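**Q** fold the following for me, if possible:
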Amino acid sequence: MSVTTPPAWANTPPHAADENTLIVRNDPGGSVRKRFEQIKQLQAEGTKIEIREGFCLSSCTMYLGLENTCVVGDARFGFHGPQRFAGKLTREQFKEWSIFIAQFYPAPIKEWYLEQGHTKVNGYYKISGAELIRLGVQSCDEP
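**A** Down below sits the predicted model:
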């Protein structure tokens, strides 16, 4: 997957299992810009990402489109539209950031996110790992 540069402005620590696997548990998300930088580094290093038990919210969900990402059925995911930590996004900024975030999702999730998932800005659309696996995300339990 090739990623584009984020829009001109914007602002979680996972757990390393071994030197080339990142285990994600209870990640609340955070800055899209910081996650983007982390994802570029993980891609360059060929790091495998396993989203295990607990939750993966907000920018954490950007891991889903990476080639080496898998999830477990019990993991819980939370999606919402882009937000600014201080102030409100303009309509154009909201659209720009929604498209930027969506590029990190596999096709069925990207389509849903751009149609519906980005519309919630207070709270999350909650989706299970099992549902994401059904939509084509790789399961960590499969060889």
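**Q** next, Lys126: secondary structure please.
**A** Following DSSP: H, G, I helix; E, B strand; the rest coil, we place Lys126 in the strand state.
**Q** now it: closest residue in space that isn't a chain neighbour?
**A** Gly78 (5.7 Å; C-beta to C-beta, 6 or more residues apart in numbering). Using the backbone N, CA and C atoms, a C-beta is placed for each residue, glycine as well.
**Q** just to check, Asn26 is in contact with Gly54?
**A** Yes - counting by C-beta atoms under 8 Å, Asn26 does reach Gly54; the two are 3.8 Å apart.
**Q** so, low pLDDT: which residues of this structure?
**A** 1-19, 142-143 (pLDDT under 70).
**Q** all strands of it, in order?
**A** 15-18, 21-24, 48-51, 55-57, 69-71, 76-79, 125-128 (DSSP state E).
**Q** quick one: contacts of the third one?
**A** It refers to strand 48-51. For strand 48-51, the external contacting residues (C-beta atoms under 8 Å, 6 or more residues apart in numbering) are 14, 17, 20-24, 42, 60, 63-64, 66, 68-72, 75, 129, 140.
**Q** and Gly46, how far from Asn26?
**A** For Gly46, the distance to Asn26 equals 25 Å [C-beta to C-beta, to the nearest Å].
**Q** more neighbours, those two?
**A** Asn26 (16 against 9; other C-beta atoms under 10 Å).
**Q** in contact with that one, which residues?
**A** Counting by C-beta under 8 Å, 6+ apart, the residues that Asn26 touches are 54-55.
**Q** backbone phi and psi for it, please?
**A** phi 50, psi 60 (degrees, to the nearest 10).
**Q** now swap in Thr47 and tell me
**A** Dihedral angles (degrees, to the nearest 10) for Thr47: phi -70, psi 140.
**Q** dump the residue contacts of it.
**A** By C-beta under 8 Å, 6+ apart, the contact list for Thr47 reads 20-22, 68.
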